[in-house]
Every structure is written in structure tokens, then in C-alpha cells.
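J.: Fold the following for me, if possible:
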Amino acid sequence: MGSRRRRASLKNVAARAGFSVATVSRALNDTGYVAPETRKRILEAARELSYQPNLRARGLRKQSSHSIGLIIPNLLNAYYTALADALTQLLAGRGYHLILASTRDDAALEDVTVHEMVGQAVDGLIWVPTAPGPVLLEYVTERGVPAVAIVRRVPGDRVDTVIFEDLAGSRAATEHLMRLGHRRIGYIGGDIAFSSNRDRQSGYVEALKAAGLPLDEALVRLGPPRSTHGFLACGDLLRLPSPPTAIFVGSNALMPGVLHALRQSGLRLPEEMSLVCFDDIDWFSFSVPPITAVRTEENRLAESAVDLLFEHIEHREDLERPPVVIEIPFELVVRGSTAPPPAESRPVRAARGEPAPG
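T.: Down below sits the predicted model:
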């Protein structure tokens, strides 16, 4: 097997052209005056040696790697996939590329990932936080790494943040069901350790209280944002002695399991059960029936996050500006999965069998 050809260095180019390394560096990096004839000879030597600059080393010297780290919980959630795609396009338009990492909502992995991103000299972080403690947040801020939290807030809002109107959107969805006449409304949501899930549950609770309805804890099921949780939680609600006439689902990641449980139960949407979801996924519009949803604009969130991040990158000296929190508005899209409750609820055949995958 032949030996791999070694990459030509700046010193090799300097030796071939007959000039100092400093002169060659100025010519190739266009950082100072070099006589036209000298520049020509240096460029010819570089071409002859197939010289390629070390972009990573150059980035470190210039304090810029032209890369942005994106840290998200997972790539299985269609929402996060769409968000990553939107951010990739926006950053490419500014001449930056994305370094993507998934934490699976593991706090220890999040800690390692943030340290690795900062260690790679990324110019900034866009971050869906899991459980960042004060030490990790201090590590990011002390190193002057511009960071924007998205979707979820960090404790104390210590970095710029872009989130959705989770509380208001959830309240609007619950109020929509109450205007239709529903009084027993089930809620299936994610872990309230995360601010987005916590706010969505709070919106549901606030809507009930504002309408003078008591909160029935038996109608609330919280857990991991997975299809399996949606299936099991929906089955639990349907087996209650007095099951709900409507269900509000706090995340699109839960919906496949919820729909699987409803279909196993034999309940018809919306004649016997109404259904609303926070998040609006493409297939909701052509589901049978189409799903009523709280629509959030991931593109607007991505644009706001990138704008905030580059405000920091381009004005690093402005360290005194306090972090800001931006909320992206929602839209309640009413479709065919919601209707007034049945005049008389029939006995429910609760979901049985294996949980849906996820």
C-alpha cells in the first residue's frame, strides 16, 4: 500500500516560493501588503503543492470558527427535525454551518455536550436546555460564548431565550373545548420539569379555574414525550369511571400513541371524543378526521434565535445587556376533531393490547 501524501504546510510553500513564512501568510490570507510579483510567485507555489489552509486553526486565530452549535433533546420528534432544518438554512445564509448534537434529555449528556461544543470553539450555541445547573451556565457565560435558549427556558433566564406562547396557547385550546360544552377535559402532557410542558399544563389549569371548573387530578397524565406514554395515558383516562369527553394533548410526540388508544377503544372522533393537540404537524391536516391544533411557527422561532445570537456575536463588547425573553405567537387551528360532547356518554371500551411504538 502506498504511503499517504502529507498535507503541504505554510513552511513548504515558503520554501518553494523563496520567501519567509510571514510574507507567505500575508499573501495567502490577504492580511497585509505584498508586492504583486511576490504574491504571484507565492500563489504559484501554493498551487504546485496543492496547499490547503487549515481552516480550523485559522478560525481559532481569528476567534471565529464560523460554526454554531445546536443542542436538542432528540431527532425523533418531527418538530425538532424541522427546527434543525430551518436553523441550518438560516445559518448557511450567513456563512455559518451547524454542529448538531442530541441529549435525549439526559442532564449528564447535556453537560458533556455543552463542554464539547465550547471546546470546539463554536461561535455560539442555540440550545434546547434539559437541566442546566448554575455551574454549567456559569461555564458558558464566563467563556463569553453567545447562547440562546429555545423552546425551553434556563433557570433565571440567564441567557437570551426564544419560546412559544405555551401558556396562552394551551389556555386557548382548553377554552375552545369548553366553548363547545366540554366539562370533563383530559390532559396528557410531558414532564413539567421542562418549562414548556409546565406552562402548557398551567394554561390548561388556568382555563378551567377561570371557567369555575374544578381541577380533577384524575384527568391529568404527565410523563415522557413519547408515543408509549400517550398510549398508556389515554388508556388510563378512558378506563376512568367517568371518562373525559375531550382530551387535550400537550405535544405532537404523544399523538401517535393517543390515536392508537382511541382507535382501539372504538370511540369515534369527534362524535364521541374531541381531541386537540399543542403543535401542528403536517399530517394533522389530512388525518381522518383532521386534528384541531395549536399551531406554532418553528421558522419564526428559528429566525428570532439566529437574530439574537448574531446580535451577541457582532457586539461581543456589549456584555452589560440583560438577557431577553421573546415569545412567538400561536394560532389555534380548528379542524374536524372537535365538536360538542355527546348528549349521553356511552360506556367506553378502553384500549387494550400492546402500546404503540415510541
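J.: I313 - how many residues pack around it?
T.: By other CB atoms under 10 Å, 16 other residues sit near I313. Quick note: C-beta positions are derived from backbone N, CA and C, even for glycine.
J.: show me what contacts it?
T.: The contact partners of I313, by CB atoms under 8 Å, 6 or more residues apart in numbering, come to 123-124, 146.
J.: Report the separation between it and D123.
T.: 6 Å (CB to CB, to the nearest Å).
J.: Give me the common contacts of the two.
T.: Shared contacts of I313 and D123 (CB under 8 Å, 6+ apart): P146.
J.: how about the helices of the stretch 201-350 of the chain, start to end?
T.: Taking DSSP state H, counting those that start in this stretch to define them, one finds helices in the stretch 201-350 of the chain at 227-238, 255-265, 298-314.
J.: Which other helices and strands does the first one contact?
T.: If you count contacts as 3 or more CB pairs under 8 Å, 6 or more residues apart in numbering; DSSP states H and E, helix 227-238 packs onto strand 185-190, strand 220-223, strand 246-249, helix 255-265.
J.: can you redo those as CSV with mean pLDDT, mean neighbour count and distance to C277?
T.: Below are the helices and strands packed on helix 227-238 laid out as CSV (pLDDT from 0 to 100; neighbours: other CB atoms under 10 Å; distance: least, CB to CB, whole Å):
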stretch, mean pLDDT, mean neighbour count, distance to C277
strand 185-190, 98, 26, 10
strand 220-223, 98, 18, 15
strand 246-249, 98, 29, 4
helix 255-265, 97, 22, 6
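J.: for these, which one sits closest to Y204?
T.: Ranking these by their distance to Y204 (criterion: CB to CB) puts strand 185-190 first, at 4.9 Å.
J.: Tell me the helices and strands packed up against the closest one.
T.: Packing contacts for strand 185-190, counted by 3+ CB pairs under 8 Å, 6+ apart, involve helix 166-179, helix 195-210, strand 220-223, helix 227-238, strand 246-249.
J.: Which of the residues in the fourth one are classified as buried?
T.: This means helix 227-238. 227-238 (16 or more other CB atoms under 10 Å).
J.: For the closest residue to H97 other than its chain neighbours, grab phi and psi.
T.: Sequence neighbours aside, S67 is the residue nearest to H97 in space, at 5.4 Å (criterion: CB to CB, 6 or more residues apart in numbering). Dihedral pair for S67: phi -130, psi 150, per degrees, to the nearest 10.
J.: ok, the closest residue to A172 other than its chain neighbours - contacts?
T.: The spatially closest residue to A172, leaving aside those adjacent along the chain, is L332, at 5.0 Å (CB to CB, 6+ apart). Taking CB under 8 Å, 6+ apart, we find L332 in contact with 169, 172-173, 176, 292-295.
J.: Just among the residues you listed, which is most surrounded?
T.: Highest count within these by other CB under 10 Å belongs to A173, 29 neighbours.
J.: so what's that one scoring on pLDDT?
T.: On pLDDT, A173 comes in at 98.
J.: Touching, it and V294? I think so.
T.: Yes - the pair A173 / V294 is scored as a contact, 5.3 Å apart, by CB atoms under 8 Å.
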